[in-house]
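[1] let's see this in three dimensions:
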Amino acid sequence: MEWKLIKGVGSQVNCSEGQSEYFAKEKEDRKAEWYALEDENKVIAEVLLCYDPPEGSALTNFIKGRKNGSIEVLDGPIFLDGSKKVDASRAFFKLIEAKRKQHGISNCLLERTNIPKEALDAIEEGIYAYKKRLWATLVVDLEKEEKELYKNLKHSVHLGVNKARRQGLSLRQIKTDDEMCEIFSTNLALFKEREREAVKKSKLQEWRASRETNCKEYYVTELDGKILSTVCLAIFGDKALIEDFSYSVECREKKIAASDFMIWELMLEMKRRGIKNFDLAGINPDPKSRKEFGIRNFKEKWGGEYVEYYEFFLEPRFFSLAKRIYRSVKDR
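    Numbers count the residues shown, from 1 in each chain. Prediction:
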């Protein structure tokens, strides 16, 4: 089995070449690459990786509390031959380890990797050990009829959407820099004053990169010219994923159901455009805090399918031990 770099778009990975370009532009030194695993001249798996090179030495980054670079799995691995999932999974982790060494990276985030249980022991091999965390999401099937989608909503959503329509709320897509700057007046209030300029710069940079590749779309809900809520959707293949979401203080205080209205209208818009899956993004399968319970309750209102997956974090054992020693000394 051998991994080969693909020039262009993989046949099965649920992304677009534009998305790959977006991730590369989002940060100038970030690199996205497609790989195909071949066995006897037949492609049996594909994966899209993205690298963030280290900013300094491993020791310097440790002292400063920075990540020593990172590898993210943006999509995949997608297994094209079910009978070879285990062997392909082991080959996948060998690819990650090879690329980690090549780029001098110490941290990996392998999200939604779809690795079969019988292959999970592959991540325990070698000096570097992966930590596994169970996570989940809720995905709405937009191929269902609109009436069925509406029926699957919780009653509170029906009430909220109908009330929002009576009040005159509207949904608008952001298309220019000036419109994007309007959002800042709404959600920057949620950040500490010293953080606002950095957040504004980062969001504007992200917006410009996404506009060039059409990988992300931003929407707002309005009432009487005032922005009540904002959302960012990442759109690739036949899937739309909520990436960022916020609502104004006024919306919360006056109990305006702008969030319910926005999500429902976006589901309908994505359905009209042929999007098949609407991903409400991550939730904790075992919520601990009031906030985590609130997030889960909100996302369970939309009739989506509950899907669990694993996130894998890679950290050198040496640094893991060093961190524990450092924290114990610091806390004395």
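
[2] pLDDT-wise, which helix or strand of the protein ranks last?
    Within the chain, no helix or strand scores below helix 17-26, which has a mean of 45 by mean pLDDT, DSSP states H and E.

[3] after it comes which helix or strand?
    strand 31-39 (DSSP states H and E).

[4] and that next one, what's its mean pLDDT?
    Averaging pLDDT along strand 31-39 yields 81.

[5] same question, stretch 101-115
    For stretch 101-115, the mean per-residue pLDDT is 67.

[6] so what strands line up beside the helix or strand where residue 221 lies?
    Using DSSP H and E, residue 221 sits in strand 216-223. Taking DSSP bridges as the criterion, strand 216-223 pairs within the sheet with strand 170-173 (antiparallel), strand 226-236 (antiparallel).

[7] lowest average pLDDT across the ones you listed?
    strand 226-236 (a mean of 83).

[8] what's the most buried one of the strands paired with strand 216-223?
    Of all these, strand 226-236 has the most neighbours on average by mean count of other Cβ atoms under 10 Å, namely a mean of 21. For glycine as for every other residue, the C-beta is placed from the backbone atoms N, C-alpha and C.

[9] ok so, going back, now the strands paired with strand 216-223 as TSV including distance to residue 35?
    Compiled in TSV, those are given as follows (distance: least, Cβ to Cβ, whole Å):
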stretch	distance to residue 35
strand 170-173	34
strand 226-236	17
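
[10] remind me, longest strand of this protein?
    strand 128-141 (DSSP state E).

[11] quick one, helices of the stretch 151-300 of the chain?
    With DSSP state H, counting those that start in this stretch as the criterion, the stretch 151-300 of the chain has helices at 155-167, 177-187, 193-213, 249-253, 258-272, 290-299.

[12] of those, which is nearest residue 239?
    Closest approach to residue 239 among the helices of the stretch 151-300 of the chain (Cβ to Cβ): helix 258-272, 9.2 Å.

[13] rewinding a little: angle of the strand holding residue 221 against helix 258-272?
    130 degrees (axes from the mean of the first three to the mean of the last three Cα atoms, to 10 degrees).

[14] for strand 216-223, give the mean pLDDT please.
    pLDDT averaged over strand 216-223 gives 88.

[15] ok, stretch 301-311 next?
    Mean per-residue pLDDT for stretch 301-311: 85.

[16] so where's the chain shaky on pLDDT?
    The model of the chain has pLDDT under 70 over residues 7-32, 53-69, 74-75, 106-130, 182-200, 202-203, 206, 209-215, 236-237, 310-332.

[17] if we use 80, what do you get?
    Of all residues in the chain, those with pLDDT under 80 make up the ranges 5-34, 48-79, 81-82, 100, 103-133, 177-216, 235-238, 243-244, 246-252, 308-332.

[18] domains in it, by residue range?
    The record assigns the chain these domain ranges, following automatic domain parsing: 2-126, 138-309.
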